[in-house]
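> return atomic coordinates for the entry below.
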Amino acid sequence: MNYHGQTFSGVNKPVRTPEGPKKFKVLASYNGQKKIVRFGDPHMTIKSNIPANKKSYCARSSGQGNTSNKLSANYWSRRQWHC
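Predicted coordinates for the structure are as follows:
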């Protein structure tokens, strides 16, 4: 799928961005709107297999809002961590 010159495997499916300033990008669709959302630090790894790390991240990111809006980076980051 092509959107604004960028290739995606589908809508609402995150893909890695080796060329970009962020680790992932996703073509998000929500309430009829489409938007490219970029998220994640490319220099850090997701360590969600460590229970203390996962608990801490999920607690921190829940207070930032946008936990249910697919057009926000926080939604996709929390989804990668399985919060």
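> which residues are in contact with stretch 7-15?
1-2, 24-29, 34, 70, 76, 79-80 (Cβ atoms under 8 Å, 6 or more residues apart in numbering). Yep, even glycine has a C-beta here, placed from its N, CA and C like the rest.
> distance check, the residue sitting furthest away from the middle of the chain against Cys58.
Distance from the centre of the chain peaks at Ala52, with 20.8 Å (Cα atoms, centre = their mean). Note on Ala52: its distance to Cys58, by Cβ to Cβ, to the nearest Å, is 11 Å.
> likewise Ile46?
According to Cβ to Cβ, Ile46 stands 12 Å off from Cys58.
> now for the two: what residues contact both?
Trp81.
> that older thread, where's the residue farthest from the centre of the chain, which helix or strand?
helix 51-62 (DSSP states H and E).
> Arg79 too?
Going by DSSP H and E, Arg79 is part of helix 73-81.
> same thing with Val37?
Val37 belongs to strand 33-39, assigned by DSSP H and E.
> now the angle from that strand to helix 73-81?
60 degrees (axes from the mean of the first three to the mean of the last three Cα atoms, to 10 degrees).
> could you give the average pLDDT over strand 33-39?
Across strand 33-39, the average pLDDT comes to 92.
> in the chain, where is pLDDT below threshold?
Regions of the chain meeting the criterion pLDDT under 70 are absent.
> Arg78: how many residues sit nearby?
Other residues within reach of Arg78, judged by other Cβ atoms under 10 Å, total 20.
> check contacts around it.
58, 61-62, 67.
> buried members of the residues you listed into PyMOL, please.
A single PyMOL command selects the buried members of those (16 or more other Cβ atoms under 10 Å):
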select buried, resi 61
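> what is the nearest of the contacts of Arg78 to Phe39?
Ser61 (11.0 Å; Cβ to Cβ).
> isn't the closest one up against Tyr75?
No: if you go by Cβ atoms under 8 Å, Ser61 and Tyr75 don't touch, sitting 9.6 Å apart.
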